[in-house]
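Engineer: Here is a sequence together with a model predicted from it:
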Amino acid sequence: MIVCPNCNHQNPDSAQICEACYTPLPAMTACPNCGATIQSDALFCGQCGTHLKPSESGSVQVASQSEASVPEVPELVPPDPLVEPEPLVETSALLSEVEVPSPPPLPKQSSSPAVQPPPLPVAVSSQTQLQQQIAQLLHVRSSQAIELPSHLSVIHVGKPNDRIPPDIDVSGFPDSDVVSRVHADIRVEGDSYYIEDVGSANGTYINNVPLAMGNRHRLRPGDRIALGKNDLVTFIFQIA
């Protein structure tokens, strides 16, 4: 099936125009390595990760190893010769040559009680506090930053509704009418953040590339997230 990049409608493999919105569909072909369905101008297979080289006819082929640049390995420098250690001298011979001074006589004890010195102050060590990373979405048009909740493993992005209330409400931003009420989810797994479209009407775009519904994209600092068409409601993913 070919997913329409405009409305996410699933079309037959032989379709050239979307059956729902009449948008031209991208040309598809099969990966020469694993046989998965990919776009003809793809550089990498999304299934097996094989590097593909587009041909003049529009098909793709696996790039040969001879075309990849092989880094030059510098010649190894021979190490310096080891220095022979000096011979060890027996400890008993050294002790016989050293004169051990006799200990000084002990002072006489007085009948008056000894004065105890004041106790030394005890230094209190401060515990080191680990700094946690803070992820946020920076709205491009208003430069307003929205911090992602650190206590949630699934963060809902959208507008107020009776089905799934959003954790990040974008209804106050300009042109938010292109954003669905239940638009996208950001999932937190350890130190990694993933975004997926959950069935929005106008789609989700990562770095100007449409994200198919149900597919997850691992967010990296600087990724551009557009909620809806025409790049009207756009955020930059940041980690502080």
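Structural biologist: The structure has been received and is ready for your questions. Because the structure is a prediction, the values reported are computed rather than measured. Numbering: from 1, shown residues only.

Engineer: Quick check: buried residues in stretch 34-51?
Structural biologist: Buried residues in stretch 34-51, counted by 16 or more other CB atoms under 10 Å: I38, A42, C45, T50. (Each C-beta comes from the backbone N, C-alpha and C, glycine too.)

Engineer: same thing with stretch 160-175?
Structural biologist: So stretch 160-175, judged by 16+ other CB under 10 Å, has buried residues P166, D167, I168, D169, V170, F173.

Engineer: rewinding a little: tabulate the buried residues of stretch 34-51 (TSV), appending secondary structure and distance to R216.
Structural biologist: Below are these laid out as TSV (DSSP: H, G, I helix; E, B strand; the rest coil; distance: CB to CB, whole Å):
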residue	secondary structure	distance to R216
I38	strand	18
A42	coil	19
C45	coil	18
T50	coil	21
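
Engineer: Tabulate the residues you listed (JSON lines), appending pLDDT and distance to I239.
Structural biologist: Below are these laid out as JSON lines (pLDDT from 0 to 100; distance: CB to CB, whole Å):
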{"residue": "I38", "pLDDT": "72", "distance to I239": "31"}
{"residue": "A42", "pLDDT": "71", "distance to I239": "29"}
{"residue": "C45", "pLDDT": "73", "distance to I239": "29"}
{"residue": "T50", "pLDDT": "73", "distance to I239": "31"}
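
Engineer: Keeping just the C-alphas, turn stretch 208-216 into CSV.
Structural biologist: In CSV, the C-alpha atoms belonging to stretch 208-216 read as follows (Å, rounded to 0.1, in the frame of the first residue of the first chain):
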residue,chain,number,x,y,z
ASN,A,208,9.5,18.9,6.3
VAL,A,209,9.0,15.2,5.7
PRO,A,210,5.5,13.7,6.5
LEU,A,211,5.4,11.2,9.3
ALA,A,212,3.1,8.3,8.5
MET,A,213,0.5,7.5,11.1
GLY,A,214,1.7,4.9,13.6
ASN,A,215,5.4,5.4,12.7
ARG,A,216,7.7,6.7,15.4
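
Engineer: now what about it, what contacts it?
Structural biologist: 3, 5-6, 8, 187, 194-200, 203-205, 217, 224, 226, 231 (CB atoms under 8 Å, 6 or more residues apart in numbering).

Engineer: can you rerun that using 6 Å?
Structural biologist: V3, P5, N8, Y194, E196, D197, G199, G203, T204, H217 (CB atoms under 6 Å, 6 or more residues apart in numbering).
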